[in-house]
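Asks: Quick check, what structure comes out for this input:
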Amino acid sequence: MHGEVTCSRHPVDGSCALCARPRHRGEPGWSPFTATTTRCPTCAAQAVDDPGEARRHIPAVRAEMAALGIRLDQRVRVTLVEPDALVTGSRGLCLGRTLKRTWIDTSVTDVLGIEIARGLTGTHFGATVAHEMGHAWLAQRGAPPLPHRLEEGVCELFSGAWLKRRRTAFAAELRQAALDNPDEVYGAGYRLVRGAVVVHGITAVLDALCRRGRLP
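Replies: Reported below is the predicted structural model:
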């Protein structure tokens, strides 16, 4: 994804968890990402590893999402956590999550915060924040409970829109990988929602989801 060239004849020992670059056996400079995955030197060099770096990235992500018409009514705190803290189930690598609380008596959902994996590249970090902002935006708009595929599809749409504005080859590769993702929730959901946007427009799609919990 970084445009790097690797030799297919060298024995491979895994790949980068973030960019999928193959790791040649014995190649130095690689570092752990989770307990079972590693990160290539290029991704490590671009890592958002501490709160100060995160704070430098977040205002730009919020501004670009606002330019797309996605604004949160209430600010949501974004914190970095160790990637292993986000690993749940068998779906694969998880880079972020939105913490929410729904009150049973009113069905109102409060957004408590957003957690992002420490050590992502700036591009991965921004795309993940944009995705999690989608969950927060739906909650703050009072959207009814959505099928998992639809909610993740909307959030992948937001992430893809942010990546498209980056206008870099790496961002374009990440966006295409999300579109091609075979996952039945994230990939299929992204393609489903994006297809509805092509036909009906983004405003009609988001309005239908927030009002009726389904696509137009």
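Asks: Closest to the centroid, which residue in this protein?
Replies: Nearest residue to the geometric centre of the chain (C-alpha atoms, centre = their mean): residue 128, 2.9 Å.
Asks: pretty sure that residue is in a strand, no?
Replies: No - using DSSP: H, G, I helix; E, B strand; the rest coil, the assignment for residue 128 is helix, not a strand.
Asks: Surely it is in contact with residue 115?
Replies: No - look at residue 128 against residue 115 with C-beta atoms under 8 Å: they stay out of range, at 9.8 Å. All C-beta atoms are positioned from the backbone trio N, CA, C, and that covers glycine.
Asks: shared neighbours of the two, anything?
Replies: The overlap between the contact sets of residue 128 and residue 115 (C-beta atoms under 8 Å, 6 or more residues apart in numbering) consists of residue 96.
Asks: Quick check, residue 178 in contact with residue 155.
Replies: No - look at residue 178 against residue 155 with C-beta under 8 Å: they stay out of range, at 10.5 Å.
Asks: the more surrounded of the two?
Replies: Using other C-beta atoms under 10 Å, the more surrounded residue of residue 178 and residue 155 is residue 155, with 26 against 21.
Asks: Relative to residue 29, how far out is the more buried one?
Replies: For residue 155, the distance to residue 29 equals 33 Å [C-beta to C-beta, to the nearest Å].
Asks: repeat for residue 128
Replies: Taking C-beta to C-beta, one finds residue 128 at 24 Å from residue 29.
Asks: which SSE is residue 80 in?
Replies: Per DSSP states H and E: residue 80 is located in strand 78-81.
Asks: scratch that, residue 144
Replies: Using DSSP H and E, residue 144 is not contained in any helix or strand.
Asks: Let's see the pLDDT reported for the closest residue to it other than its chain neighbours.
Replies: Computed as C-beta to C-beta, 6 or more residues apart in numbering, the closest residue to residue 144 that is not its neighbour in sequence is residue 213, at 3.9 Å. What the model reports as pLDDT for residue 213 is 96.
Asks: is it true that residue 154 touches residue 138?
Replies: Yes - look at residue 154 against residue 138 with C-beta under 8 Å: they come within range, at 6.7 Å.
Asks: Overlap of the contact sets of these two?
Replies: In contact with both residue 154 and residue 138: 146, 209, using C-beta under 8 Å, 6+ apart.
Asks: which of those two has more neighbours?
Replies: Using other C-beta under 10 Å, the more surrounded residue of residue 154 and residue 138 is residue 154, with 29 against 25.
Asks: Now do the contacts for the more buried one.
Replies: By C-beta under 8 Å, 6+ apart, the residues touching residue 154 are 134, 138, 146, 189, 193, 206, 209.
Asks: Give me the neighbour count for the residue nearest to residue 88 when sequence neighbours are not counted.
Replies: Once flanking residues are discounted, residue 88 sits nearest to residue 94: 6.4 Å by C-beta to C-beta, 6+ apart. Using other C-beta under 10 Å, the number of residues around residue 94 comes to 17.
Asks: which stretches of this structure form strands?
Replies: With strands called from DSSP state E, the chain shows them at 12-15, 22-24, 31-32, 38-39, 47-48, 78-81, 96-102, 109-117, 120-121.
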